[in-house]
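Student: Model the structure of this input:
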Amino acid sequence: MRGRSRAGSFKPRRRKPAEPKRASGTAAARPRSSSAASQESEIAQLRRELDEAREQQAATANVLKSISRSTFDLKAVLDTLAESAATVCETLNATIYLRDEDFAIIGTHFGPLGGMPVGTRRALNINWLSGHAVLEARTIHVADLSKSDEYPEGKEIAQRFGQRATLTVPLLRDQKAIGGICVRRREARPFTDKQIAQVQNFAAQAVIAIENARLLNELRQSLEQQTATADVLRIISSSPGELEPVFQAMLANATRICEAKFGILYRCEGDALRTVAMHDAPQPFAEVRRSNPIIRPNPYTTLGRAMTTKQPLQIANILEELDPLDDRAAQLPKLADARTVLAVPMLKENELVGAFLIYRTEVRPFTEKQIALVQSFAAQAVIAIENTRLLNELRETTEEVIKLNQQLEHRVVDQVGEIERMSKLRRFLPPQVADLIVASGTEKQLESHRREITALFCDLRGFTGFSESSDPEDVMALLRDYHAAIGQIIIKYSGTLERFAGDGVMVIFNDPVPVENPALQAVLMALDMRTAIGGMIEKWRDLGHDLGFGIGIEHGFATLGTIGFEGRFDYAAIGTVSNVASRLCDEAKPGQILISPRVRQAVEKAVTIEPVGEFTLKGIRRPMMIYNVLEPLSSKPN
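Tutor: Okay, here's the model as predicted:
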């Protein structure tokens, strides 16, 4: 299936600059001076650049919106990225490749020009421009691919489909390319530096989306495995003495989670094996097994070798392993169309008890995780068999055994519930709060409560003007550096990050983890922050960014707890103390750490302070005397 294409959707519409009004009278007939014409040209150029900036910002916003809305749908995010890249770069099409070892797979395609179906695999090589960019993990830009002797393979395709200017930007993770974004034009018009930078930004966002999808997929698989294990344990506990439902549940879960077509479970019976369970086995093969449930596998078959070695064994393609003289072995591919097979022995104290066999009808080997999962089910099957033996021997104590099994079921349910609870807590709470709740085993700390805390609020002076006049990439880069520096210091001083919005950050002390002198801890952290951010501000000023850093600190009582709605909660501190800290931050000049009288009383023996004056703060009835923290007393010269 080819990528989406819509006529007229590739080139953004541009508004023509307004015609200058002509003056009345004889002045209108006068020819314009060269200076006026030059000025009009500069204005038109500035308008074009402004239009381009707006288009790039809109494209970036559209991509970020798609990522936030399509957490579980990587294809939707890649589609948006491809369309945005084509639009911003004024190209007819864009393709996103995903790397699979020595191959590139087309993840999505947008536009009509030379698009191959999604899912197409191409071997990576340096004769192909996009393959070269992925192999060397670097951006490659060719103004006219049809005249490039460096890429003969691409040159031939370009001449056939009319491709000229071509750009490929690799998707980089840990300095290695995991794919690439390729945009193409019909005309030999090179891409601008801004367009290349924008595609590189899209590539970075694609890497984030791919990593999110990978983590979510791993989490989904983990939850599926936990659910399957809990399901099996539930059946074991609810069906004491009955092995058939247990075997069927194990086989069904193993087949489903391993993405196999069908499965068979055998139990040892003397020197032979008896078929005790089948799941989704093709009808002809199932009938053969039902009519002949006992088999003695050839020692050279997959099952025979697994029984001999007592180790899991898989064959990627049964047809390549068949003994042409063994008619019984050839039965399986004929009756079931089986290709890849996995055999996992069931062992009790290294003695063979039985075996799991699961099959795929296509040649696709099982992963190590899938093999380990089937081994887990095999171990559980042995436990189930042993439980049944004990139940048969101790039939007089059945009631007690059932009680034990019920306890086991409750324990499994409790463990699954605890896993889900911990996952939820760590997703929306500060680390200190989540760790405290997990350690205490109760969520009482999340309930609304009142406590004396110290609140610190900080932000950047001049950030609003900087963000309005700077490229989005510069704004995001500055915020990343700023948040990284602030975050390390917050962790160092054991502060609780209450929230951050853009450049504004609020940190609280003494909740949920008690602090001996929260006001002093906050002031010492503020001094450390001022030093760290001060060095960064000097670097930013060298780049022409006039920014400053201010901090406000207040101490008092606040109401703390979770706020929000199901699926999105935050841990918040509500009260005058938070408002005053924010107002003090607003009043702070670059480099100032403004504190209230309460904070001054708690820290005056540890730091040097100077009075700033009385201020009337918004929302506070009476004027407040405000102080500025200069330095720790220990840093003053003797």
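Student: ok, residue 515 touching residue 493?
Tutor: No. Between residue 515 and residue 493 there is no contact under Cβ atoms under 8 Å: 9.2 Å. From N, CA and C alone the C-beta is placed, and that goes for glycine too.
Student: got any residues that touch both of these two?
Tutor: residue 521 (Cβ atoms under 8 Å, 6 or more residues apart in numbering).
Student: What count of nearby residues applies to residue 290?
Tutor: Applying other Cβ atoms under 10 Å, we find 11 residues neighbouring residue 290.
Student: Name the nearest residue to it, ignoring sequence neighbours.
Tutor: residue 275 (7.7 Å; Cβ to Cβ, 6 or more residues apart in numbering).
Student: any idea how far residue 148 is from the nearest residue to residue 578 once chain neighbours are set aside?
Tutor: Leaving aside its sequence neighbours, residue 578 sits nearest to residue 455 (Cβ to Cβ, 6+ apart; 5.1 Å). Residue 455 is 61 Å from residue 148, where distance means Cβ to Cβ, to the nearest Å.
Student: Over to residue 184?
Tutor: 13 Å.
Student: okay, these two: which has more neighbours?
Tutor: residue 184 (29 against 15).
Student: circling back to that earlier point, the residue nearest to residue 578 falls within a strand, correct?
Tutor: Yes. Counting by DSSP: H, G, I helix; E, B strand; the rest coil, residue 455 is located in a strand.
Student: For residue 490, which three-state class applies?
Tutor: Strictly by three-state DSSP, residue 490 counts as helix.
Student: Pretty sure it sits against residue 509.
Tutor: No. Assessed by Cβ under 8 Å, residue 490 is found out of contact with residue 509, at 10.2 Å.
Student: Tell me which of these two has more neighbours.
Tutor: residue 509 (24 against 20).
Student: Tell me the bridge partners for that one.
Tutor: Beta-bridge partners for residue 509, by DSSP bridges, are residue 454.
Student: Tell me the helix or strand right after the helix or strand encompassing the residue nearest to residue 290.
Tutor: Element membership of residue 275, judged by DSSP states H and E, is strand 272-279. For strand 272-279, the following helix or strand on the C-terminal side (DSSP H and E) is helix 283-291.
Student: What average pLDDT does the helix or strand immediately after that next one in the chain get?
Tutor: Sequence-wise, the next helix or strand downstream of helix 283-291 (DSSP H and E) is strand 294-295. Across strand 294-295, pLDDT averages out at 88.
Student: Packing partners of strand 294-295?
Tutor: strand 272-279 (3 or more Cβ pairs under 8 Å, 6 or more residues apart in numbering; DSSP states H and E).
Student: Would you mark the buried spots in stretch 513-533?
Tutor: 515, 518-530, 532-533 (16 or more other Cβ atoms under 10 Å).
Student: hang on, I meant stretch 559-577
Tutor: Buried, per 16+ other Cβ under 10 Å, within stretch 559-577: 560, 562, 569, 571, 572, 573, 575, 577.
Student: what's the span of it from first residue to last?
Tutor: 10 Å (Cα to Cα, to the nearest Å).
Student: With stretch 600-608 instead?
Tutor: End-to-end for stretch 600-608, by Cα to Cα: 10 Å.
Student: can you pull the buried residues of it?
Tutor: 600, 602, 603, 606, 607.
Student: So what touches that stretch?
Tutor: Counting by Cβ under 8 Å, 6+ apart, 517, 519-520, 523-524, 527, 555, 595, 609, 627, 629-633, 636 sit against stretch 600-608.
Student: Would you point out the most distant pair within those residues?
Tutor: Greatest spacing in these, by Cβ to Cβ: 555 and 636 (24.2 Å).
Student: related to what we said a few turns ago, nearest to residue 543, of the buried residues of stretch 513-533?
Tutor: For these, the nearest to residue 543 is residue 533 (15.2 Å; Cβ to Cβ).
Student: Just say helix, strand or coil for the closest one.
Tutor: Residue 533 is classified as helix under three-state DSSP.
Student: Would you check that it makes contact with residue 482?
Tutor: Yes. With contact defined as Cβ under 8 Å, residue 533 reaches residue 482; the gap is 7.2 Å.
Student: What score does residue 529 have for pLDDT?
Tutor: Confidence score, pLDDT, at residue 529: 95.
Student: close enough to count as contact, it and residue 486?
Tutor: Yes. Residue 529 is within contact range of residue 486, at 6.6 Å (criterion: Cβ under 8 Å).
Student: which residues are common contacts for these two?
Tutor: By Cβ under 8 Å, 6+ apart, the residues touching both residue 529 and residue 486 are residue 458.
Student: In a strand, residue 183, correct?
Tutor: Yes. According to three-state DSSP, residue 183 belongs to a strand.
Student: Look at it and report its pLDDT.
Tutor: Reported pLDDT for residue 183: 91.
Student: And for residue 437?
Tutor: pLDDT, residue 437: 69.
Student: Low-confidence ranges, the stretch 251-400 of the chain, go.
Tutor: For the stretch 251-400 of the chain, applying pLDDT under 70 flags the ranges 322-333, 391-392, 394-400.
Student: show me where it has helices.
Tutor: Counting by DSSP state H, counting those that start in this stretch, the segments of the stretch 251-400 of the chain that form helices are 283-291, 302-309, 318-321, 327-336, 368-393, 398-428.
Student: how about residue 551, secondary structure?
Tutor: Strictly by three-state DSSP, residue 551 counts as strand.
Student: Tell me who's in contact with it.
Tutor: Applying Cβ under 8 Å, 6+ apart, the residues near residue 551 are 456, 457, 458, 526, 529, 530, 585, 588, 592, 593, 594.
Student: most neighbours, which of the residues you listed?
Tutor: residue 456 (31 neighbours).
Student: quick one on the thing from earlier: which neighbours does the strand holding residue 275 have in its sheet, and in what orientation?
Tutor: According to DSSP bridges, strand 272-279 has these partners: strand 262-269 (antiparallel), strand 294-295 (antiparallel).
Student: Which positions in that strand come out as buried?
Tutor: Going by 16+ other Cβ under 10 Å, strand 272-279 has these buried residues: 273, 275, 276, 277, 278, 279.
Student: Quick check on the nearest residue to residue 145 once chain neighbours are set aside: phi, psi?
Tutor: Spatial nearest neighbour of residue 145, chain neighbours left out: residue 158 (4.1 Å); criterion: Cβ to Cβ, 6+ apart. Here is the backbone geometry of residue 158 (degrees, to the nearest 10): phi -60, psi -40.
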